[in-house]
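Chemist: Fold the following and give me the result.
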Amino acid sequence: MALVSNEQACKNIRFQTQITPKNLEVFADENQIMQVLVNLIKNSIDSLQQHTNGVIKLQGIKTKSGSLEILVSDNGSGILEENMNQIFIPFFTTKEEGTGIGLSLSKHIMQLNEGHLMVKSTPDVETVFTLLF
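Modeler: Numbers count the residues shown, from 1 in each chain. Sure, this is the predicted structure:
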């Protein structure tokens, strides 16, 4: 995780990656998708600041139906149910120093690349963002 591994905030976080099949390719704008992944990973890092055994998983899979998915998951604080419908709205944030732009921009980027961005969260258990192509 060269993008974020030098951040002090990562000292108690373990990163895991899994790609199936190993030669998985996504046909999308590389820079834009990288921006989405960096944003999701930084959000995961933020959600793990109070955890001593944080894990961020990055998975790339080809589903049985032939679609491609990139999953970014963590075992951090998660997203409360009452915020779930608002997280993709521009300028909505629960962070003291957040702008509320990251997730709305990420969703827009996925739409520009003919994809979707979805989320499932169980606070303090697991949050999974899925980039679906």
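Chemist: So which residue is smack in the middle of the chain?
Modeler: residue 40 (3.2 Å; C-alpha atoms, centre = their mean).
Chemist: Could you find the closest non-adjacent residue to residue 20?
Modeler: Nearest residue to residue 20, sequence neighbours excluded (C-beta to C-beta, 6 or more residues apart in numbering): residue 61, at 5.1 Å. Glycine gets a C-beta too; all of them are placed from N, C-alpha and C.
Chemist: Strand partners (parallel or antiparallel) of the host helix or strand of the one you found?
Modeler: Here residue 61, judged by DSSP states H and E, is contained in strand 54-62. Partners of strand 54-62 in the sheet, by DSSP bridges, are strand 13-20 (parallel), strand 68-74 (antiparallel).
Chemist: quick one: which of the ones you listed is nearest residue 33?
Modeler: Proximity to residue 33 (C-beta to C-beta) singles out strand 68-74 among the strands paired with strand 54-62, at 7.9 Å.
Chemist: moving C-terminal of the closest one, what's the next helix or strand?
Modeler: Where DSSP H and E defines the elements, the next helix or strand beyond strand 68-74 is helix 102-112.
Chemist: For that next one, which helices and strands make contact with it?
Modeler: Contact partners of helix 102-112 among helices and strands, from 3 or more C-beta pairs under 8 Å, 6 or more residues apart in numbering; DSSP states H and E: helix 30-47, strand 116-122.
Chemist: out of these, deepest packed?
Modeler: Each of these was scored by mean neighbour count; the highest is helix 30-47, a mean of 18, by mean count of other C-beta atoms under 10 Å.
Chemist: quick one: it to strand 68-74, angle?
Modeler: Interaxial angle of helix 30-47 relative to strand 68-74 (axes from the mean of the first three to the mean of the last three C-alpha atoms, to 10 degrees): 20 degrees.
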